[in-house]
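Engineer: Below are the sequence and a predicted model for it; my questions follow.
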Amino acid sequence: MTPNPERQTYRISVGEPYPRRLPPYMVDGGILEYSPGFHLTLVFGDLSPKEIEMSRRDPIEFGLFEINGVIFLLWRLGRIDGSSPYSWQLEPVKLDDTPLAATAHALVTVVVVDRTTLIVQALRAVSWSPEFTRAMDAAIRRQAAGGVQPDGFKVRTEYTEAVLAVYERYSGPAMWMAATARCRGGE
């Protein structure tokens with residue numbers, strides 16, 4: 001497995017079908033991708049019109065929780081919250097050698113998809129604070145420092161086991177309490 005410099009791009013529009021395949025096991029939750037640039041896809045079933053409007057306009061809070069080699073991006077959008085595990089090993093991308101500037105804000109695209117219809121309900125971009133951006137960058141670099149592992153299946157299996165073990169041990173509120181960095185989108 002080697003970093004893929006040629007990632008496919010997609011056109012995403014509100015009211016249109018989500019152009020990518022979701023994992024077959026996907027239930028309500030989120031998928032964090034880094035390519036570089038952060039992309040958070042939030043998938044929910046049975047969203048009410050009020051929840052759709054909230055996902056388009058309400059502030060989003062973020063937290064960073066790292067344990068057992070897995071990064072969890074915590075997110076809270078009104079009454080909806082969750083976590084999105086991430087591992088650079090699963091989708092290795094070339095990391096820029098240039099350290100982030102102290103004032104760098106990462107831009108995060110957030111796509112909200114109705115799980116039942118696979119229609120995009122909201123599309124927005126928010127920024128992370130410089131402190132949160134640096135914390136996430138450092139976490140990804142710690143993961144990448146181990147290099148690309150030759151056995152992708154083993155990596156995926158170990159990652160899945162690690163994620164499940166964390167979810168068995170930590171509730172959502174416990175993850176938020178243990179978060180090493182936090183910010184509100186747009187800071």
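Structural biologist: Now that the structure is in, tell me what you want to look at.

Engineer: Touching, R115 and G45? I think so.
Structural biologist: Yes: at 4.1 Å, R115 counts as touching G45 under the criterion of CB atoms under 8 Å. Yep, even glycine has a C-beta here, placed from its N, CA and C like the rest.

Engineer: more neighbours, those two?
Structural biologist: R115 (18 against 12; other CB atoms under 10 Å).

Engineer: which ones are touching that one?
Structural biologist: Applying CB atoms under 8 Å, 6 or more residues apart in numbering, we find R115 in contact with L22, M26, V27, D28, V43, F44, G45.

Engineer: what do R115 and G45 both touch?
Structural biologist: V27, D28.

Engineer: circling back to that earlier point, show only the entries of the contacts of R115 found in strands.
Structural biologist: V43, F44 (DSSP state E).

Engineer: low-scoring pLDDT stretches of the chain, where are they?
Structural biologist: 1-8, 24-25, 98-102, 147-153 (pLDDT under 70).

Engineer: Pull out the CA atoms of stretch 49-56 and give them to me as PDB.
Structural biologist: C-alpha atoms of stretch 49-56 as PDB (Å, rounded to 0.1, in the frame of the first residue of the first chain):
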ATOM      1  CA  PRO A  49     -36.600  19.400   8.500                       C
ATOM      2  CA  LYS A  50     -35.500  21.100  11.700                       C
ATOM      3  CA  GLU A  51     -32.400  18.900  12.000                       C
ATOM      4  CA  ILE A  52     -31.500  19.500   8.400                       C
ATOM      5  CA  GLU A  53     -31.700  23.300   8.900                       C
ATOM      6  CA  MET A  54     -29.700  22.900  12.100                       C
ATOM      7  CA  SER A  55     -27.000  20.900  10.200                       C
ATOM      8  CA  ARG A  56     -26.700  23.800   7.700                       C
END
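
Engineer: Run through who's touching it.
Structural biologist: L42, F44, L47, L77, G78, R79, I80, V112, Q121, A122, R124.

Engineer: again with stretch 177-184
Structural biologist: Contacts for stretch 177-184 (CB under 8 Å, 6+ apart): 59-67, 74, 128-129, 131-132, 135-136, 170.
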